[in-house]
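[1] coordinates only, sequence not included:
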């Protein structure tokens, strides 16, 4: 039951990230701040998945900015969004309900060792994206744009 709920939360993550990407693609001029926040969200999703999979995340950065990206930032974001969706789908296909309770060890970006349950990490990834998508929408509104609604309840109604 928890696994299904988390999968639904990640369906929302993908839906909401797509909404943000579409809005950023429609802007008449690129705005660095929301693009920076969006690349942070997507790169953090990648970093957390490498931790969940016990892989080396040395080549990944949660602080990726549009200036650190090879290529057009929104094209890279579109690629990362697609990759994240596919990679999290594979992850969920291979874990069990019991696996959600496992505690994994990982080092944060400062090198400090932490131990956190899979369910807490997956919840964090979902909530982290919601927080930053809210920042993006707030910034867009301050610049005169009408932001998209990425609320979970709006997702459930679509």
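    Structure's in. What do you need? Just so you know, these numbers come straight off a predicted model, no measurement behind them. Residues are numbered from 1 along each chain as shown.
[2] quick one: the helices in this protein?
    In the chain, the segments counted as helices under DSSP state H are 2-26, 32-52, 73-94, 118-142, 152-157.
[3] hey, which of the ones you listed is tucked in deepest?
    helix 32-52 (a mean of 21; mean count of other Cβ atoms under 10 Å). In this view, the C-beta of every residue, glycine as well, is placed from N, C-alpha and C.
[4] wait, which of the helices of the chain is closest to residue 112?
    helix 32-52 (13.1 Å; Cβ to Cβ).
[5] and that closest one, what does it pack onto?
    If you count contacts as 3 or more Cβ pairs under 8 Å, 6 or more residues apart in numbering; DSSP states H and E, helix 32-52 packs onto helix 2-26, helix 73-94, strand 103-107, helix 118-142.
[6] tell me the angle that helix makes with strand 103-107.
    Interaxial angle, helix 32-52 versus strand 103-107 (axes from the mean of the first three to the mean of the last three Cα atoms, to 10 degrees): 120 degrees.
[7] let's test this: mean pLDDT of helix 32-52, rounded?
    Averaged over helix 32-52, pLDDT sits at 96.
[8] cool, and stretch 130-137?
    Rounded mean pLDDT across stretch 130-137 is 98.
[9] one more: stretch 111-119?
    In the prediction, stretch 111-119 has an average pLDDT of 96.
[10] determine how far it lies from the middle of the whole chain.
    Its chain's C-alpha centre and that of stretch 111-119 lie 18 Å apart, by Cα atoms, centre = their mean, to the nearest Å.
[11] and what of stretch 76-84?
    Its chain's C-alpha centre lies 10 Å from the corresponding centre of stretch 76-84 when counted by Cα atoms, centre = their mean.
[12] which other residues reach that stretch?
    14, 17-18, 21, 24, 35, 38-39, 42-43, 45-46, 49, 69-70 (Cβ atoms under 8 Å, 6 or more residues apart in numbering).
[13] just to revisit the earlier point, quick one: closest of the helices of the chain to residue 107.
    Of the helices of the chain, nearest to residue 107 by Cβ to Cβ is helix 32-52, at 8.7 Å.
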